[in-house]
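A.B. asks: No letters, just coordinates:
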């Protein structure tokens, strides 16, 4: 119930964590009993924030040691949703929401219902006096009717300390949320010979591949991210395994002189040996950084000394990008910089690509206007180390 009061604003916040959100989602059903709009406190939400603000939400409040980006968020940055009496607004418990003051003469009555999947274990997170977050398994839904918000939960089984992610500035929050809900459709000037258009899923609709939410947000926003994948001993192991393979190098690549990739070798058994070698060497690092993925193929791109530059290009289409996305893991086995041929990327260019990239079509000419326009893009060369 929100009574008429100029000071009745409810600031941006998230609802408590009540399930393991790696396995389940919990929902809030917000049902106004009167028509609501900006004048009497309609709910405002920050679209995409449930994918960006991945953190435990605890009582009696968030850890004090960091700065909550929602504290700097203005309701004007959120989307207010006008509703008629009896409508229901369904929100993920992790989505940030708020409501303006009720400036009318009548109370604003609302019913709020929390819903969880049948059979999902229930949890509650508590901020301890030492500012760490402790998780408790809750026996049943009746527990929520009698617990004391400011006290350490009683009659609940301690599960241990829950990691709390680093602070995210409000500017980064808004930018990540925009890209988490932005459809990947091109707004660039049409170019000759367009390929079939695709409907490309927003970052918010696609399953996350990286376990670290900050790394995933960077990948969603920029189209690339650099992570520490292999230890020095693992790099040495890959190099030894590479030397044992039966290579048949051909340096007249259609991409560039002095460039070879094992993927184009015609020997099936050799390509299988390459895949087995790479999958074995990378299994530990991939498990640590990636979630819910499968390896499609793997190869060794090799550039000999004096090799020419590989032109700007796009990788093939491998999946239905209206539903999911694919990614390349490009791991350096030597320290690289621009002089030695490190990878160059066009940050954000994945938002400008909404067409099929076929195997048998060289798209350099058609994509060049999008990739080299000085007004639109700049090419970033990341200095890459093998660990």
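C.D. replies: Arrived safely, thanks for sending. Note that this is a predicted model, so its numbers are computed, not measured. Residues are numbered from 1 along each chain as shown.
A.B. asks: can you map out the helices along the chain?
C.D. replies: Along the chain, the segments classed as helices by DSSP state H run 49-52, 170-181, 213-222, 232-243, 268-289, 364-372.
A.B. asks: Residue 337 is nearest to which of those?
C.D. replies: Set against residue 337 and scored by Cβ to Cβ, the helices of the chain come closest in helix 232-243, at 17.0 Å. Any C-beta I mention is one placed from the backbone N, CA and C, and that applies to glycine too.
A.B. asks: residues of that closest one that come out buried?
C.D. replies: Going by neighbour count (16 or more other Cβ atoms under 10 Å), the buried part of helix 232-243 is 234, 235, 238, 241, 242.
A.B. asks: helices or strands up against it?
C.D. replies: Applying 3 or more Cβ pairs under 8 Å, 6 or more residues apart in numbering; DSSP states H and E, one finds that helix 232-243 contacts helix 268-289.
A.B. asks: Please state the offset of the helix it packs on from the chain centre?
C.D. replies: Centroid separation between helix 268-289 and its chain, computed with Cα atoms, centre = their mean, to the nearest Å, is 25 Å.
A.B. asks: Can you check what angle separates it from helix 232-243?
C.D. replies: Orientation of helix 268-289 against helix 232-243 (axes from the mean of the first three to the mean of the last three Cα atoms, to 10 degrees) gives an angle of 170 degrees.
A.B. asks: quick one on the thing from earlier: between the helices of the chain, which one is nearest to residue 116?
C.D. replies: Smallest distance to residue 116 across those (Cβ to Cβ): 15.2 Å, for helix 49-52.
A.B. asks: and the nearest residue to residue 61 once chain neighbours are set aside, what does it touch?
C.D. replies: Leaving aside its chain neighbours, residue 61 sits nearest to residue 127 (6.2 Å; criterion: Cβ to Cβ, 6 or more residues apart in numbering). Residues near residue 127 by Cβ atoms under 8 Å, 6 or more residues apart in numbering: 58, 59, 60, 61, 62, 63, 64, 133.
A.B. asks: Tell me the spacing between residue 127 and residue 65.
C.D. replies: Applying Cβ to Cβ, to the nearest Å, the value for residue 127 to residue 65 is 10 Å.
A.B. asks: Same question for residue 289.
C.D. replies: Distance, residue 289 to residue 65, using Cβ to Cβ: 26 Å.
A.B. asks: out of the two, which sits in the more crowded spot?
C.D. replies: residue 289 (18 against 10; other Cβ atoms under 10 Å).
A.B. asks: ok, and the closest non-adjacent residue to the more buried one?
C.D. replies: Distances taken as Cβ to Cβ, 6+ apart put residue 227 closest to residue 289, at 5.5 Å, once the chain neighbours are dropped.
A.B. asks: And that neighbour, what's its pLDDT?
C.D. replies: Residue 227 carries a pLDDT value of 91.
A.B. asks: so it touches residue 214, yeah?
C.D. replies: No: if you go by Cβ atoms under 8 Å, residue 227 and residue 214 don't touch, sitting 10.6 Å apart.
A.B. asks: Roughly how far does the closest residue to residue 36 other than its chain neighbours sit from residue 278?
C.D. replies: Counting by Cβ to Cβ, 6+ apart, residue 36 lies nearest to residue 42, which is 4.2 Å off, once chain neighbours are set aside. Separation of residue 42 from residue 278 (Cβ to Cβ): 53 Å.
A.B. asks: Can you show me the strands along this protein?
C.D. replies: Secondary structure of the chain (DSSP state E): strands at 10-13, 27-32, 43-45, 79-80, 89-92, 97-99, 110-115, 122-127, 133-138, 157-162, 259-261, 301-303, 344-345, 380-381.
A.B. asks: Of these, which is nearest residue 178?
C.D. replies: Going by Cβ to Cβ, the one of the strands of the chain nearest residue 178 is strand 79-80, 11.7 Å.
A.B. asks: Mind giving me the packing neighbours of the closest one?
C.D. replies: Using 3+ Cβ pairs under 8 Å, 6+ apart: strand 79-80 touches strand 43-45.
A.B. asks: give me every residue that touches the closest residue to residue 159 other than its chain neighbours.
C.D. replies: Distances taken as Cβ to Cβ, 6+ apart put residue 135 closest to residue 159, at 4.2 Å, once the chain neighbours are dropped. Applying Cβ under 8 Å, 6+ apart, we find residue 135 in contact with 56, 123, 124, 125, 126, 158, 159, 160, 161, 162.
A.B. asks: wait, isn't the last one in contact with residue 133?
C.D. replies: Just to be clear, that refers to residue 162. Yes: applying Cβ under 8 Å, one finds residue 162 in contact with residue 133, separated by 4.6 Å.
A.B. asks: pLDDT value on the residue nearest to residue 61, please?
C.D. replies: 93.
A.B. asks: Need the overlap of contacts for residue 162 and residue 133.
C.D. replies: Common neighbours of residue 162 and residue 133 are listed as 56, 125 (criterion: Cβ under 8 Å, 6+ apart).
A.B. asks: Between those two, which is the more surrounded one?
C.D. replies: Comparing residue 162 with residue 133 by neighbour count (other Cβ under 10 Å), the higher total belongs to residue 133, at 19 against 16.
A.B. asks: check contacts around that one.
C.D. replies: By Cβ under 8 Å, 6+ apart, the residues touching residue 133 are 56, 58, 63, 125, 126, 127, 161, 162, 164.
A.B. asks: let's go with 7 Å and repeat that
C.D. replies: Going by Cβ atoms under 7 Å, 6 or more residues apart in numbering, residue 133 touches 56, 58, 63, 125, 127, 161, 162, 164.
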